[in-house]
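Asker: Mind folding the following:
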Amino acid sequence: IKGMVLAYLSTGDERYFQSASRAMTFIYQHMWQENRLFASYKDGKVHLNAYLDDYAFLLDAILTLLTAHWDNKWIAFAEALSSVLLEQFYDEEYGGFFFTSHDHETLIQRRKDFMDDATPSGNGIAVNALLRMGHLTGNQSYLAAAESTLKAAWGSIESMPVSHATILAALADFYHPPRQIIIRGTENEI
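Answerer: Model (predicted):
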């Protein structure tokens, strides 16, 4: 979804935005049920609770979608995702986000990864998205969780900085928040 929105922003080709919008609508209508995100959908049925990466990457995609076209239903969805992210994945004691939710089946160990792998770190994407959400909505709990996650990741970052590109980018945004300008109104007013 984020890639399609970025393609739209780069080219102006509405087909890319429509594709991203259809995908987001599908996820919202079919894979978001009872205030929880699910990881898979087949034959009209959802299966498996979503993981940290699913929430973080979807939240990031929504924020990118909103940069192209504002829609109040998507910011409301982003706030709902952020709330579940904090309630179900956040480690209140040590900071950072677990890969599995608090109500996931009991595992021998719950992972909390800060390093990038084949994909960017879910913790790094979550920090970046929560920083953006915190500045956009004024919700301080998003900013506090982002800061706590950066602190929790610090030892891992120091030991192997080259493997932490995503969370380091979020750290840069933490210290130097990007300027956000929101212009709302009818097209004539704008």
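Asker: pretty sure Ala152 is in contact with Phe98, am I right?
Answerer: No - contact criterion C-beta atoms under 8 Å: Ala152 and Phe98 do not qualify, at 11.2 Å. Yep, even glycine has a C-beta here, placed from its N, CA and C like the rest.
Asker: Show me the strands in this structure, by range?
Answerer: 32-33, 36-42, 45-49 (DSSP state E).
Asker: The least confident helix or strand in the chain by mean pLDDT pairs with which strands?
Answerer: Here the helix or strand of the chain ranked lowest by mean pLDDT, DSSP states H and E is strand 45-49, holding a mean of 92. Here strand 45-49 has these sheet partners by DSSP bridges: strand 36-42 (antiparallel).
Asker: Look up the pLDDT of Arg184 for me, please.
Answerer: On pLDDT, Arg184 comes in at 76.
Asker: just to revisit the earlier point, mean neighbour count added to the strands of the chain, as JSON lines?
Answerer: Shown next, in JSON lines, are the strands of the chain (neighbours: other C-beta atoms under 10 Å):
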{"stretch": "strand 32-33", "mean neighbour count": "14"}
{"stretch": "strand 36-42", "mean neighbour count": "15"}
{"stretch": "strand 45-49", "mean neighbour count": "13"}
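Asker: can I get those in JSON lines with distance to Ile125?
Answerer: Output for the strands of the chain, formatted as JSON lines (distance: least, C-beta to C-beta, whole Å):
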{"stretch": "strand 32-33", "distance to Ile125": "18"}
{"stretch": "strand 36-42", "distance to Ile125": "14"}
{"stretch": "strand 45-49", "distance to Ile125": "18"}
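Asker: Could you list the residues in contact with the least confident helix or strand of the chain?
Answerer: The contact list for strand 45-49, computed with C-beta atoms under 8 Å, 6 or more residues apart in numbering, reads 30-31, 33, 36-41, 100-101, 103-104.
Asker: Looking at the strands of the chain, spot the one closest to Gly124.
Answerer: Proximity to Gly124 (C-beta to C-beta) singles out strand 36-42 among the strands of the chain, at 19.0 Å.
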